[in-house]
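Novice: model this:
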Amino acid sequence: MTVGKVIKAGEGLMDLIDSLVKRYQVNPKEAEDIVKNNRWMNLQGAIADEPTNTTKAYKMFDQRDDGRLYPLFVDADAPIPMNEWMFAKHIKPNDKGAIDSKLGSLSYRPGFHSGTNPFATHIGGKTSRGNPDYRKYNQVWGEIEIPDDYDWYNEAMMRSRLTNAGDIDLKTAEIKDQLPIGGSYRYNTNPNVAGDWMISDRIKVNRLLERDEIKDINKQSGVADLPFLDELIKQGKVDPKKLGPTAIKQLKGAGLLDLIKYK
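Specialist: Numbering: from 1, shown residues only. A predicted model of the protein is given here:
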């Protein structure tokens, strides 16, 4: 891990400003203020084309009819390329201190969010009212790389608060005032839940995972992602005659409407 140094006057200031504007889409006036006043840590990481050290992670995408990958909720219309580094956009919080998304306001933690395992049981389709119980066909898992050149994890832990019992409140071990430039950190609100979120300033999607790969990777950690709708039907865990319109639309889009007559 490298430790960022303080930027000195005249030391590549324009390169840093230009990188913040072009790569992270920071407002030019704000970028100038960030650099000249050393408001963000590890600014040198912003001008690195590729990280020296990386770590593997997994991220779910929305694969649309055009075949391209998109974020699920935040900045959802910005396509994510394959096999090249994609920088996170600097999106400022709303008046509630949160970030706007297709789901409404979400907690503000700048950067791309991924995971140490390809599972997200809180996101998915619903065969009926209640919690998500199946993986939508347009929701695909990608094996990605994220940078690991700067120790943002310890920085996040240093910023955390303590509980009344004197323990670290993991919900507060986060970076909220800037993008984690040139690195990433693990975030987990519940130490009893397997797997962590990974928050980074950039990602590179290496490939998409097949169903069996997802199951095998998760099995090694004792977790499981949601099953696909056709798996639920074939396993007899859902009555196809009671599927709602959204679930039926999913089957139709995947060319699996014949499963409604399964059995």
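Novice: which residues in the stretch 151-263 of the chain form strands?
Specialist: Secondary structure of the stretch 151-263 of the chain by DSSP state E, counting those that start in this stretch: the strands cover 184-187, 197-200, 202-208.
Novice: in a markdown table: the ones you listed, plus mean neighbour count.
Specialist: In short, each C-beta sits where N, CA and C put it, glycine included. Below are the strands of the stretch 151-263 of the chain laid out as a markdown table (neighbours: other CB atoms under 10 Å):
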| stretch | mean neighbour count |
| --- | --- |
| strand 184-187 | 22 |
| strand 197-200 | 24 |
| strand 202-208 | 19 |
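Novice: residue 33 is nearest to which of those?
Specialist: For the strands of the stretch 151-263 of the chain, the distance to residue 33 is smallest for strand 202-208, at 22.4 Å, taking CB to CB.
Novice: the residue nearest to residue 94 when sequence neighbours are not counted sits in which helix or strand?
Specialist: Nearest non-adjacent residue to residue 94, counting by CB to CB, 6 or more residues apart in numbering: residue 100, 5.5 Å away. Element membership for residue 100 (DSSP states H and E) is strand 99-101.
Novice: packing partners of that strand?
Specialist: Of the remaining helices and strands, none touches strand 99-101 by 3 or more CB pairs under 8 Å, 6 or more residues apart in numbering; DSSP states H and E.
Novice: the helix or strand following that strand pairs with which strands, and in what direction?
Specialist: Per DSSP H and E, strand 99-101 leads on to strand 104-106 as the next helix or strand towards the C-terminus. Applying DSSP bridges, strand 104-106 is found paired with strand 99-101 (antiparallel).
Novice: may I see the buried residues of the partner strand?
Specialist: Neighbour-count burial for strand 99-101, counted by 16 or more other CB atoms under 10 Å, picks out 99, 100.
Novice: list the contacts of it.
Specialist: For strand 99-101, the surrounding residues in contact (CB atoms under 8 Å, 6 or more residues apart in numbering) are 73, 74, 76, 91, 93, 94, 105, 106, 107, 108.
Novice: point me to the helix or strand that includes the spatially most central residue of the chain.
Specialist: Geometric centre of the chain, nearest residue: residue 113, 2.1 Å, by CA atoms, centre = their mean. For residue 113, the host element (DSSP H and E) is strand 112-115.
Novice: send me that strand as PDB with only the CA atoms.
Specialist: Listed next in PDB are the C-alpha coordinates belonging to strand 112-115 (Å, rounded to 0.1, in the frame of the first residue of the first chain):
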ATOM      1  CA  PHE A 112     -18.300   2.000  -7.300                       C
ATOM      2  CA  HIS A 113     -19.900  -0.600  -5.000                       C
ATOM      3  CA  SER A 114     -19.100  -4.300  -5.400                       C
ATOM      4  CA  GLY A 115     -18.700  -7.300  -3.200                       C
END
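Novice: how far out from the middle of the chain is that strand?
Specialist: In terms of CA atoms, centre = their mean, to the nearest Å, the centre of strand 112-115 is set 2 Å apart from its chain centre.
Novice: now the element after it, going C-ward?
Specialist: Using DSSP H and E, the helix or strand that follows strand 112-115 towards the C-terminus is strand 139-147.
Novice: quick one, what contacts residue 186?
Specialist: Per CB under 8 Å, 6+ apart, neighbours of residue 186: 116, 153, 196, 197, 198.
Novice: surely the third one touches residue 115?
Specialist: Yes: here residue 196 lies in contact with residue 115, judged by CB atoms under 8 Å, at a distance of 7.0 Å.
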